[in-house]
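> Take a look and give me a structure for this.
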Amino acid sequence: MKARLTLADVHRRHGQDSAAAGQVLVYRLEDAARPVSFPHQRRDFYKIKLLCSVQGILGYADQQVSVQDCALILANPLVAFSWERLAGHETGFAFLFTEEFLPPALRPDGVAGSPLFRVGGSPVLFPGPEEVRRLSSLFTQLLAEAQSSYMNKNELLRNYLQIILHESLKLAPAVPFLQPGTSAARLSALFLDLLDRQFPIPSPQHTLPLKNANEFAQQLAVHTNHLNKALKDVTGKTTTAHIAEKVAAEAKALLRHSDWTLAEIGYCLGFGHAPNFNSFFKKQTGQSPNQYRRQPAVVS
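Predicted coordinates for the structure are as follows:
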């Protein structure tokens, strides 16, 4: 997996002074040189892209999605993406911004907390013709404001960001949402957020901070049994089941998109011995890690 791409890197690609360019970048895809493909790579910024007039394979985490015409892609810094163009030439818009671009008051309930950017969510949406026209109009206005000299430009861009996110939410499939009305739901939401933040593993030298139900319960200052019961009541799954699913998903992503050895992947995910990792992975997927790494990726 390649080194993390920074927003400053992208500014330099566009011929801009990265030191002066700031924490946001908006551009038309047809105005930028577009590679036919790029490998899985994580970034230090969020990215919303309206991608049209092209067919290709978009990869993220351990998934691959076929893009046939228009797609709205919402990428967060935690998930690596790749792209392979099969036909056509990209048109549309891209809106890149850092976490720092958002004011502190907006971060908890804004982009960072949006289900559209949640790790494990579905970051690829397929708008219809009317939605594409509406989104294109918003991006056109966004681009014009980004290129203006208006004194309060960033504040206005943040407002456009919120509108685009609301339009995106209209396209997103309905997903179960944990209403924080009960203590069990609040605890479950805290656990799931804490679990999400364990991933991805940035390098072979890092290991999971929290590896089992007891460690998560201690971090949340509750008894292990209490956490397990809350999760069972709200989600229908045990603490251990949630952890195992996330660990297996990260293992699949690393096997597919990194050149780390099986021993390195197992170590990073909390398995001190390779046979333990092999046994866990086979129980979760029905395949050994080597078998999974060798098989072709399935495109959905």
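> avg pLDDT for the helix or strand hosting R85?
In the assignment (DSSP states H and E), R85 maps to strand 81-97. The average pLDDT within strand 81-97 is 91.
> If you count contacts, what does that strand end up packed against?
In terms of contacts (3 or more C-beta pairs under 8 Å, 6 or more residues apart in numbering; DSSP states H and E), strand 81-97 is packed against helix 7-13, strand 24-28, strand 37-41, strand 46-60, helix 129-146, helix 153-171. From N, CA and C alone the C-beta is placed, and that goes for glycine too.
> Go through these and name the closest to L254.
Judged by C-beta to C-beta, the one of the helices and strands packed on strand 81-97 that comes nearest to L254 is strand 37-41, at 10.2 Å.
> Model confidence for the closest residue to E131 other than its chain neighbours, exactly?
Counting by C-beta to C-beta, 6 or more residues apart in numbering, E131 lies nearest to L171, which is 6.3 Å off, once chain neighbours are set aside. Here, the pLDDT recorded for L171 equals 87.
> Please name the residues that touch L171.
Contact partners of L171, counting by C-beta atoms under 8 Å, 6 or more residues apart in numbering, are 72, 125-127, 131.
> Find me the pLDDT at the closest residue to F271 other than its chain neighbours, would you?
Leaving out its chain neighbours, the residue that sits closest to F271 by C-beta to C-beta, 6+ apart is F277, at 3.8 Å. Confidence at F277, expressed as pLDDT, is 96.
> Among the contacts of L171, which one is most surrounded by other residues?
Neighbour counts for the contacts of L171 peak at L72, which has 24 neighbours (criterion: other C-beta atoms under 10 Å).
> so what's that residue scoring on pLDDT?
For L72, pLDDT reads 95.
> Would you agree it falls within a strand?
Yes - judged by DSSP: H, G, I helix; E, B strand; the rest coil, L72 forms part of a strand.
> Offset the numbering so it begins at 870, please.
In the new count, where the first residue is 870, that last one comes out as L941.
> what residues are up against it?
Here L941 is in contact with 917-920, 993-996, 1004, 1037, 1040 (criterion: C-beta under 8 Å, 6+ apart).
> Name every strand pairing with the strand holding R954 and say which way it goes.
In the sheet, strand 950-966 lines up against strand 893-897 (antiparallel), strand 906-910 (antiparallel), strand 915-929 (antiparallel) (DSSP bridges).
> now the last one against helix 998-1015, angle please.
Right, strand 915-929. Compare the direction of strand 915-929 with that of helix 998-1015 by axes from the mean of the first three to the mean of the last three C-alpha atoms, to 10 degrees and you get 130 degrees.
> so how far is strand 915-929 from its chain's centroid?
A distance of 13 Å separates the centroid of the chain from that of strand 915-929, by C-alpha atoms, centre = their mean, to the nearest Å.
> likewise stretch 938-952?
7 Å.
> One more: stretch 1067-1085?
Worked out by C-alpha atoms, centre = their mean, stretch 1067-1085 lies 17 Å from the chain centre.
> which residue ranges form the helices in the stretch 970-1119 of the chain?
All helices of the stretch 970-1119 of the chain, identified by DSSP state H, counting those that start in this stretch, fall at 998-1015, 1022-1040, 1052-1065, 1082-1088, 1093-1104, 1108-1126.
> what is the mean pLDDT for the shortest one?
Summarised as a single mean, pLDDT over helix 1082-1088 is 95.
> and that helix, what does it pack onto?
Identification of packing neighbours for helix 1082-1088 by 3+ C-beta pairs under 8 Å, 6+ apart yields helix 1052-1065, helix 1093-1104, helix 1108-1126.
> Now do the second one: which elements does it pack against?
For helix 1093-1104, the elements it packs on are helix 1052-1065, helix 1082-1088, helix 1108-1126, judged by 3+ C-beta pairs under 8 Å, 6+ apart.
> Highest mean neighbour count out of those helices?
helix 1108-1126 (a mean of 20; mean count of other C-beta atoms under 10 Å).
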